[in-house]
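Undergrad: Using only what follows, build the 3D model:
(2 chains)
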Amino acid sequence: EAQVTQNPRYLITVTGKKLTVTCSQNMNHEYMSWYRQDPGLGLRQIYYSMNVEVTDKGDVPEGYKVSRKEKRNFPLILESPSPNQTSLYFCASSLWYGGPQSVSGANVLTFGAGSRLTVL
Amino acid sequence: DAKTTQPTSMDCAEGRAANLPCNHSTISGNEYVYWYRQIHSQGPQYIIHGLKNNETNEMASLIITEDRKSSTLILPHATLRDTAVYYCIVRVAGIQGAQKLVFGQGTRLTINP
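TA: Predicted coordinates:
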């Protein structure tokens, strides 16, 4: 089954304890992205990656790191988590990153089930 | 950047057609309109997308006005399982043309029995 898998789905941690949220897709997608969702603020993009070793900041990158060493994996790293990073996180992927003349359908995002993170 | 405007909430009776409007008056000629929905706190789910022609798939229909400044998502026979937040999105080109889907607040659609 084509899917985006995130782990862990739920995590409670303490301030300053480094953690990694993994994201893996089995669709050979080039583009991957991380979002966080907070009440009243909607979905906001943290980082995205257009391909292996190509990553860039989204709208709210502070406090996060990412890497894309393999096409299928795009982990989100919180080096020193703080309570304001308590949120619901989603990983997503699409076939292509999509330039101005993108092929219809190539930009459709498939989302993971979400990871609910609580930092105490 | 093209932005979208949607009503905050809507209600629809089960079995009736749900029509969700979206304004995107600053859309440019090569930008697609995408619709996603999010049921409770699950990952957003793709519904449909279009450029200028009306589109239909097994989930919904998308009607785009001729000037492309607005669109309507139609769920032809809404069921209770269609209760969700619906996002209308116009893809925005980021650095090097990378896609950037900006999710607004969406429309909270409630299907009533």
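
Undergrad: Spit out the contact partners of A:Asp38.
TA: By Cβ atoms under 8 Å, 6 or more residues apart in numbering or on different chains, A:Asp38 lies in contact with A:Arg44, A:Ser87, A:Leu88. Any C-beta I mention is one placed from the backbone N, CA and C, and that applies to glycine too.

Undergrad: JSON lines for those residues, including distance to B:Ser70?
TA: Shown next, in JSON lines, are those (distance: Cβ to Cβ, whole Å):
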{"residue": "A:Arg44", "distance to B:Ser70": "25"}
{"residue": "A:Ser87", "distance to B:Ser70": "32"}
{"residue": "A:Leu88", "distance to B:Ser70": "30"}
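
Undergrad: Looking at strand pairing, list the partners for A:Leu78.
TA: Beta-bridge partners recorded for A:Leu78 (DSSP bridges): A:Leu19.

Undergrad: what residue ranges in the chain score low on pLDDT?
TA: Assuming you mean chain A. Along chain A, the parts satisfying pLDDT under 70 run over A:97-106.

Undergrad: I was thinking of chain B, sorry if that wasn't clear
TA: Counting by pLDDT under 70, chain B shows low-confidence ranges at B:1-2, B:92-100.

Undergrad: hey, where'd the strands end up in it?
TA: All strands of chain B, identified by DSSP state E, fall at B:9-13, B:18-23, B:33-38, B:45-50, B:55-56, B:61-64, B:70-75, B:84-93, B:99-101, B:107-112.

Undergrad: Who are the packing partners of the fourth one?
TA: Looking back up the chat, that one is strand B:45-50. Using 3 or more Cβ pairs under 8 Å, 6 or more residues apart in numbering or on different chains; DSSP states H and E, the elements in contact with strand B:45-50 are strand B:33-38, strand B:55-56, strand B:61-64, strand B:70-75.

Undergrad: Determine which stretch of the ones you listed is the most buried.
TA: With neighbours defined as mean count of other Cβ atoms under 10 Å in any protein chain shown, the helices and strands packed on strand B:45-50 peak in mean count at strand B:33-38, which reaches a mean of 24.

Undergrad: Strand partners (parallel or antiparallel) of it?
TA: When pairs are called by DSSP bridges, strand B:33-38 turns out to pair with strand B:45-50 (antiparallel), strand B:84-93 (antiparallel).

Undergrad: Using the three-state scheme, assign A:Asn84.
TA: When classified by DSSP: H, G, I helix; E, B strand; the rest coil, A:Asn84 comes out as helix.

Undergrad: And for it, the neighbour number?
TA: Other residues near A:Asn84 number 10, with proximity taken as other Cβ atoms under 10 Å in any protein chain shown.

Undergrad: Kindly report the same for B:Cys12.
TA: 18.

Undergrad: Check the one 5 residues further on too.
TA: Other residues lying near B:Ala17 total 12 when counted by other Cβ under 10 Å.

Undergrad: how far away is the closest residue in space to it that isn't next to it in sequence from chain A?
TA: The spatial neighbour of B:Ala17 that comes closest, neighbours along the chain excluded (Cβ to Cβ, 6 or more residues apart in numbering or on different chains), is B:Pro76 at 5.3 Å. Distance, B:Pro76 to chain A, by Cβ to the nearest Cβ, to the nearest Å: 21 Å.
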